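Enquirer: Sequence plus the predicted model coming up.
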Amino acid sequence: MAATANKESETSGQLSGGRLVELYRTMVLSRHLDERVWLLNRQGKAAIAASAQGHEAAQVACIEATDPKKDHYLIYYRQFTAMIALGTEPEEMLRGFLARDGDPMSAARQFPLHGAHPRVDLFNFSNVIATQLPQAAGVALADKLRGKDAVTIVFFGDGAASQGDTHEAMNFAGIHKLPVVFFCENNRYAISVPLSRQMAVESIASRAAGYGFPGVTVDGIDVVAVHEAMTAAVARARAGEGPTLVEVQVERLLPHTTDDDHTRYRTPEDIAQMLERDPIKITAEMLKRRNLITEAEDEQIHSEAKKRVNIATDTVDAEPYPDVGPMFDHVTMASQGRS
Amino acid sequence: MAATANKESETSGQLSGGRLVELYRTMVLSRHLDERVWLLNRQGKAAIAASAQGHEAAQVACIEATDPKKDHYLIYYRQFTAMIALGTEPEEMLRGFLARDGDPMSAARQFPLHGAHPRVDLFNFSNVIATQLPQAAGVALADKLRGKDAVTIVFFGDGAASQGDTHEAMNFAGIHKLPVVFFCENNRYAISVPLSRQMAVESIASRAAGYGFPGVTVDGIDVVAVHEAMTAAVARARAGEGPTLVEVQVERLLPHTTDDDHTRYRTPEDIAQMLERDPIKITAEMLKRRNLITEAEDEQIHSEAKKRVNIATDTVDAEPYPDVGPMFDHVTMASQGRS
Amino acid sequence: MPEMTVIEAVRETMRAEMRRDESIILMGEDVGNRGGVFLASDGFVDEFGEERVIDTPLAESLICGLALGAAVNGMRPVAEIQFADFVWPAINQIVGEAARVRYGTNGAKSAPMTIRIPYGGGVRGGLYHSQSIEVLFAHTPGLTVVAPATPYDAKGLLASAIRADDPVIVLEHKRTYRLIKGEVPDDDYTVPIGKAEIKRPGSDMTIVTYGLMLHYALQAAATAMELGIDVEVVDLRTLRPLDRETIIESVSRTGKVLIVQEDTPAVSISSEVAAIIGEHCFFDLDGPITRLGPPDIPPMPFSPIQEAAFMPSPEKIVSAIEKLAEL
Amino acid sequence: MPEMTVIEAVRETMRAEMRRDESIILMGEDVGNRGGVFLASDGFVDEFGEERVIDTPLAESLICGLALGAAVNGMRPVAEIQFADFVWPAINQIVGEAARVRYGTNGAKSAPMTIRIPYGGGVRGGLYHSQSIEVLFAHTPGLTVVAPATPYDAKGLLASAIRADDPVIVLEHKRTYRLIKGEVPDDDYTVPIGKAEIKRPGSDMTIVTYGLMLHYALQAAATAMELGIDVEVVDLRTLRPLDRETIIESVSRTGKVLIVQEDTPAVSISSEVAAIIGEHCFFDLDGPITRLGPPDIPPMPFSPIQEAAFMPSPEKIVSAIEKLAEL
Ligand SMILES: Cc1ncc(C[n+]2csc(CCOP(=O)(O)OP(=O)(O)O)c2C)c(N)n1
Ligand SMILES: Cc1ncc(C[n+]2csc(CCOP(=O)(O)OP(=O)(O)O)c2C)c(N)n1
Ligand SMILES: [Mg+2]
Ligand SMILES: [Mg+2]
C-alpha cells in the first residue's frame, strides 16, 4: 500500500537537534561543492557533471538511517550528497569530476561517482539506468543466504522506474523478502521527459503493492520525514521482513547535467515553483524556527563550506591526470591487454 | 483495481445458447486435435508440442469477444484453441506440428504456431517469452495514430509476467491509453516454477493498478465469465478508454511440452485437483444442466471432432517436408543468402 | 549546394522524409521537446506534433519493440537509442525479433523500421558513453547496418534506411556530428545500401575503414603521400552486407591492406574484412593482412591522456602505413 | 576412469564444486525441482537445498544481474540460461555490466560468476532453440568464453570457470549433451582457460573449430585420411581469449587452413581466426584462408530437410578439405 507521509513533519523521531544541524552542515557542503563543480565545467575543467542540488535533504536523511559499517549502497550518478554524507572528502569528489589520478572510485576510468568507494561498500558500475536494481537484489540475496546483518540500499530515479530491470528486481526481492530498500528519488523528470509521459499513475511507490511489499511516498525536502521513512524501511529489512520502496519527492534544481538546458522543456512557472522547494532554504528555515541554529551560525556553516571547497579545488586542480600505463591494469584474465 | 469475477457465472451475457454450443464444439475439436498431436509426438512424428488442454474455455471465450476482421492477435505457443477458434483448419494446424511444406504460419521454418496467419492478423514472431507485449503496444499505437477501429489482443502466461518487457509494455500502454487487451493465461506454472516462486502477490491483474488501467481476474474454465470480461475489455479499448489486463485462471492439464514430465515437480494432489478443473468436462456439464445439449449430442460432437482429426491426420501425414530451395526465400536485403 | 555538419544532415533528412511520408514516426527518449540530446529532432515536435514525435519512457526494449509493432502494422518508425551504450536492453527486440520477422513469417510480415544509434568515442565519454556496438548487428542475418561518415552519406544512407522494407540500424559517430562538415545536395537522393566507396584512390596499399576513422585515415593518407606512399582509402559505409567486391578489387590491385577501426579488434568488422581478403585476395597479396585498433581493454577511459592513448589516431595510422610499406 | 556424456560431466562437476565450496549457488529457470530442462542440476535441490539452488522467475536480465550482485558480495554464482536463444534480455547485465566490473572499479571489485549457456543446432529447435550466440561475448573485453566439446573438457573448463575470479561464459552445445561420450577422470582437475588443443595431429592442413563441429571435423578428417589427406584438427576450446599461439603454430606448419563453425560466418569467431592467420601466418601459407559455415540466413529452419541443409556436416567438411587440398 502506498501512503503519503506528513508534508512537513517536524517531530524529530530519532533525530536529535544536534544531528539535524550536522545533516544540514553536510547539505550545505554538498551544495557549495556542487556549485563549484558546475563552475569548473563552465571553465572547461570538468567534462561533465550531474548535480544533486534539490536532492540534498533526501540523501542526507537516507544515509543517516543506515549503517555505513554494515550496509551496501548501490548508487547512480546523482548521489553527490550521499557520497559526502558517507564521508567522501571534497578532494576525493573533485578528483572524480576533474578526472585526476587520485579519483578514489575508478582512478578516472569512469565518469564521476562511478566505480567503487574505497571505504564503504558503495558502488556504481555503470551509467546504464536501472541495472543496479537486479544487482542490489543479488547483493541482498548473498547477505540473506549467509545470515549477515546488512541492508542494501539501492538508489534510482523516476526514469529508472520504467525499465524492465526495475520490475524484475522488485519482483524477486518481494518473493524472497530480501533485506533491501529501494530508494527512488523522484524529481519528476527523466532528462526532459515529465512524469506524465513516464507513467499513468501518481506515485511510483504504489507499484510496490504488485510486488508484495510496502511502498511509501515522502516529501523529499523534509529531512525528518525521509529519515523516519527510511528508518522504518531499514528496520523492516534488518528484521527479515523484506523490502520497502521509499519514494522521495524532490526537485532537480539544475538541468539534467552540464550538457543540458532545461528551459528547452520546462516552463518558467514550473522552474519558479520548483525553486521554491530548495531543501537548503527549507531546512535552514526549519532549523531557525526550531532554534537549532541562529542566522549567524547559518552564515558560518556556509562560509566554512565555501572555505573547504576552495581548499579542495586548489589542491586538486594542481594534481595530474592519470598517465597511460595504469590504463592496462586490472583487466580480467580474458583481456589481451596491449592488443 | 483488481476484481475477481463470479466463480461460475452462468448468466449468458451476450452469448446465446447456440453460440455457447458452438464454442464448446470448437473446444472439443481443439481437445481431440491436441491429443492427436501428443500422440504424433510419441510416435516420433511431431518434434515438439505445447498443449492448450485446460486453456480451451478461456481461449474460445476470448476470441468470441473480438472481431477477427479488424483486430490483431499476438499469441504465444499455447494458443492452440484460439487458432482453431479463428478458423485455422485442423490440416493447417497439423502441418505446423509435422513441419510440412504447407504450414501456413511459417512454411515450417519455425515451431508450430509461430509465424503469421494467412487470413487473420495473428502472429507470433518468436519463442522468446514476453517480447510480444511491447510489440502489441506498437501495433495498437499504429492503430491509434491513424484512428483505426481495431483492438490488439496480446496473449501471455504467468511466467511472462515476470519479464521486464511486460512491465515496459503495460506502462506505455497505460500512458497512451492504447487500444490493447493484455490477456494473461495464468496456469500457475512457468514450466516447473510455481506462482509462489514467481511473485509475492495473489494476482497478476493487481499490477494493472500500477499502470493506470483496470485489471480483472476471471475463472478461466468459465466460458461465460471470460467472455464477459473480454467483452468489457474490448469495448473499453474500442471506445478509446485504454487497456485492460484480463487474467484468466486456468489449468495446464499436461506437462509444459512434450519434452516435459510434470511429475518431477507437481505433487499427486496438485495434479488430481487440477484434473478436476478440466474445462471440457465443466463446460459439457454446464451445457447439459442448461439443456443446451443432450448426452447424445455431446457424444456426437466428440465423434465428429474425432473424425475430423482423423481425416486431417491422414491428409497431412502423407504430405512432404519443405525442400531445401525455399529455405533461401524471403531473406531481407541484408542476408547474403547461400553464403 | 549547402555545407552541413553530420548532425544537420541527419536532422534535415529526417525532416524531409517525415514531410514526404506520413507513416514515418519518431520514438525515443527526449526526442520531443528536448529535440533529442544531440538535437537530431530539434523543432520536430512543433512541426509534426506529439503523435509523430513520441517521447518514450526510459526503456530501450520498449522503444524497439514498439517500433517493431508499429512497423508491422503499417508505419515506418524511426527509433532513436540515445547513446549506443544503452542499446543492450533492446538487443532482444532487435536481434531476436526484428531481424527475423520476414524470415520467420516466410515473408508474410516485414518490419520497415530504422534504429538510429549515436556511437563511438573520443568525446570524453568514458566507459559508458563511448562504445562501438556494431559487431552483433553486423553478424546477424536479417539486419542491415549502415555507418555513414560524411554529411553526404549520412543523408543518403538515412534516406535509404527509412525507405527500406526491413530493419536498418544506422550508426552515427558522435564525434563526427559537429566535427565533420561537407556539401549536401538539396535534392532528394539516396546512397545505396551495401556499397562501399573509395574515398581516396591510391596505388601502394589499401586502408579499409568506416566511421570517424575514415577521417583519420584520410588525414594519415595525406601525410603518407608526403612520405611517398600512395594510400587508397575505402569507406565501408555499410557494415551488413559488406561490399565484398569493392574490398576485394581494391586490395587485389594494391596488394597490401591495413584495416583501421575504433572498435575492439577481437571478433569484429575488421576480422571479417580480413577474412574476406584472406580468402579472396590471397594470390594478389604482397604482405600480411594488417589491422589497427584500440587495445583489448574495456572501451574507454574517461581521463584525457588515457582516452587519447586508447583511440586510434592519424599519427598511429601513419606509423602503421610506414611499417606496412616497408614489408 | 568412468565414461560419461557431456551433460553428465557438467552435472558431476557442478556437484563436486558445490560440495567443495559453500559460496557456490545456482540460479536459473527450472533449475530446482525440475533439475533444469537438460537435467544439469538433477537432484541438486535435494542435496543442497532451495537456498543454494534457486528457481528464479522467468527473467534473464534478473538472473544475470542477481548473479552479478551476489558475486560482488562474496558468492560464486553459477547462472543457467535455459537456452542460448533467450540470453538476449540479459546482454545488458553481462556485456554492459559484469564484463566491466573489475576494470570500471579499477580493480576494487570483481565478479566471480559463471553463466552456463546451452546453445547450438541440429536438434530440431528451429529459429529459437538452435542459435549460436558466441560472437558478442567473444568480442567483449572483460568476458572469458569457453566452449568445451568433450566430456573431459566440459569438466575441466567448467571447474576453471567456477574457480575464476571474473565472469566466465560456458557455452555447452546441446547436441553434444547426450551424443558425445568420453572418459572423465574422477579426480579433481581443471583445463586451463585460453588453451586450444590439437585433437588430431596432421600434416597436410589444419582445421580450426570448436563445439559440435569438432566431432564432425574429426569424422571428416578420418574420411580424408582414407583419401590420403592428413588433416590436423585444432579445438579452440576457449573463444576469449583465443589461443593465438596454437593456431599460428599449427597453420604455419601445415600451410593450409579450413575454419569450420556452426555459427553464421559474417563477423564471427571464424573471421577472427582468419584475421589472426592472415596477419601472422602470411609467409607460411600455401593457399587461401578458407571457411566453412552455414548460409547467411537466420538460423535455422525447423523442418528436417532444411535443417540438415543448413548445418555443416562431416560430408560438407570432407568436400571442403578436398577442394583445399587441390589448391
Ligand atoms: C539505459 C539507459 N538509457 C538511457 C540513458 C540516458 N540517460 C541518462 S540519465 C537519463 C534520465 C534518468 O532519469 P531519472 O531516472 O529520473 O534520474 P534523474 O537524472 O532524474 O535523477 C537518461 C535517459 C541511460 N543512462 N541509460
Ligand atoms: C525469454 C525466455 N526465457 C525462457 C524461455 C523458456 N521457456 C519457454 S516456456 C517457459 C515458461 C513460460 O511460462 P508461462 O509464461 O507461464 O506460459 P505457459 O507455458 O505456462 O503457458 C520458459 C521458461 C523462453 N521461451 N523465453
Ligand atoms: Mg528524474
Ligand atoms: Mg504458465
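Expert: That came through fine. Ligands and ions are numbered 1, 2, ... in the order given.

Enquirer: who touches the helix or strand where residue C:157 lies?
Expert: Using DSSP states H and E, residue C:157 maps to helix C:151-163. Residues outside helix C:151-163 that contact it (CB atoms under 8 Å, 6 or more residues apart in numbering or on different chains) are C:4-6, C:8-10, C:12-14, C:16-17, C:21, C:24, C:76, C:78, C:114, C:116, C:144, C:146, C:148, C:168, C:170, C:172, C:180-185, C:188-193, C:197, C:235, C:237-238. Yep, even glycine has a C-beta here, placed from its N, CA and C like the rest.

Enquirer: Take the residues you listed and keep only those in strands.
Expert: Counted as lying in strands by DSSP state E, out of these, are C:4-5, C:24, C:76, C:78, C:114, C:116, C:144, C:146, C:168, C:170, C:172, C:181-183, C:197, C:235, C:238.

Enquirer: Which of those are buried? Put it as a PyMOL command.
Expert: The following PyMOL line selects those of these that are buried, judged by 16 or more other CB atoms under 10 Å in any protein chain shown:
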select buried, chain C and resi 4+5+24+76+78+114+116+144+146+168+170+172+182+197+235+238
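
Enquirer: same for chain B: which of the ones in strands among the contacts of helix C:151-163 are within range?
Expert: residue C:144 (CB under 8 Å from any CB of the partner chain).

Enquirer: Neighbours of residue A:273, how many?
Expert: Residues near residue A:273, counting by other CB atoms under 10 Å in any protein chain shown, number 12.

Enquirer: Check which helices and strands the helix or strand hosting it sits against.
Expert: Secondary structure assignment for residue A:273, by DSSP H and E: helix A:268-276. Judged by 3 or more CB pairs under 8 Å, 6 or more residues apart in numbering or on different chains; DSSP states H and E, helix A:268-276 has no packing partners among the helices and strands.

Enquirer: Of all the residues in the helix or strand following it, which ones are buried?
Expert: Next helix or strand after helix A:268-276 toward the C-terminus (DSSP H and E): helix A:279-289. Within helix A:279-289, the residues that qualify as buried by neighbour count (16+ other CB under 10 Å) are A:279-280, A:282-284, A:286-287.

Enquirer: now swap in stretch A:77-86 and tell me
Expert: Those would be A:77-86, for stretch A:77-86 by 16+ other CB under 10 Å.

Enquirer: can you put those residues in CSV and add pLDDT and distance to residue B:234?
Expert: Output for the buried residues of stretch A:77-86, formatted as CSV (pLDDT from 0 to 100; distance: CB to CB, whole Å):
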residue, pLDDT, distance to residue B:234
A:77, 98, 44
A:78, 98, 43
A:79, 98, 46
A:80, 98, 50
A:81, 98, 50
A:82, 98, 48
A:83, 98, 52
A:84, 98, 55
A:85, 98, 53
A:86, 98, 53
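
Enquirer: Next, the contact list for the closest residue in space to residue C:198 that isn't next to it in sequence, please.
Expert: Nearest residue to residue C:198, sequence neighbours excluded (CB to CB, 6 or more residues apart in numbering or on different chains): residue C:234, at 5.6 Å. By CB under 8 Å, 6+ apart, residue C:234 lies in contact with C:196-199, C:206-209, C:246-247, C:250.

Enquirer: what pairs with residue C:234 across the strands?
Expert: Residue C:234 has these beta-bridge partners by DSSP bridges: residue C:198, residue C:208.

Enquirer: Any idea which residue is closest to the centre of the chain?
Expert: Going with chain A. Taking CA atoms, centre = their mean, the centroid of chain A lies closest to residue A:79, which sits 2.7 Å from it.

Enquirer: look at chain C instead
Expert: residue C:147 (1.8 Å).

Enquirer: What distance do you get for that residue to residue C:15?
Expert: Taking CB to CB, to the nearest Å as the measure, residue C:147 falls 22 Å from residue C:15.

Enquirer: still on that earlier bit, quick check: the residue nearest to residue C:198 vs residue C:40, distance?
Expert: Residue C:234 is 28 Å from residue C:40, by CB to CB.

Enquirer: Could I get the CA-only coordinates of the helix holding residue C:157 as CSV?
Expert: Provided in CSV are the C-alpha atoms of helix C:151-163 (Å, rounded to 0.1, in the frame of the first residue of the first chain):
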residue,chain,number,x,y,z
PRO,C,151,27.2,14.5,-44.2
TYR,C,152,26.6,13.4,-47.8
ASP,C,153,26.5,9.8,-46.8
ALA,C,154,24.5,10.5,-43.7
LYS,C,155,21.7,11.9,-45.7
GLY,C,156,21.8,9.3,-48.5
LEU,C,157,22.1,6.3,-46.2
LEU,C,158,19.5,7.5,-43.7
ALA,C,159,17.0,8.1,-46.6
SER,C,160,17.8,4.6,-47.9
ALA,C,161,17.3,3.2,-44.4
ILE,C,162,14.0,4.9,-43.8
ARG,C,163,12.7,3.8,-47.2
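
Enquirer: and it with strand C:168-173, angle?
Expert: Counting by axes from the mean of the first three to the mean of the last three CA atoms, to 10 degrees, helix C:151-163 lies at 160 degrees to strand C:168-173.

Enquirer: quick check, distance from helix C:151-163 to the centre of its chain.
Expert: Chain-centre distance of helix C:151-163: 11 Å, with CA atoms, centre = their mean, to the nearest Å.

Enquirer: coming back round to it: my guess is the residue nearest to the centre of chain C contacts residue C:235. True?
Expert: No: look at residue C:147 against residue C:235 with CB atoms under 8 Å: they stay out of range, at 9.0 Å.

Enquirer: Give me the common contacts of these two.
Expert: Contact criterion CB under 8 Å, 6+ apart; residues shared by residue C:147 and residue C:235: residue C:210.
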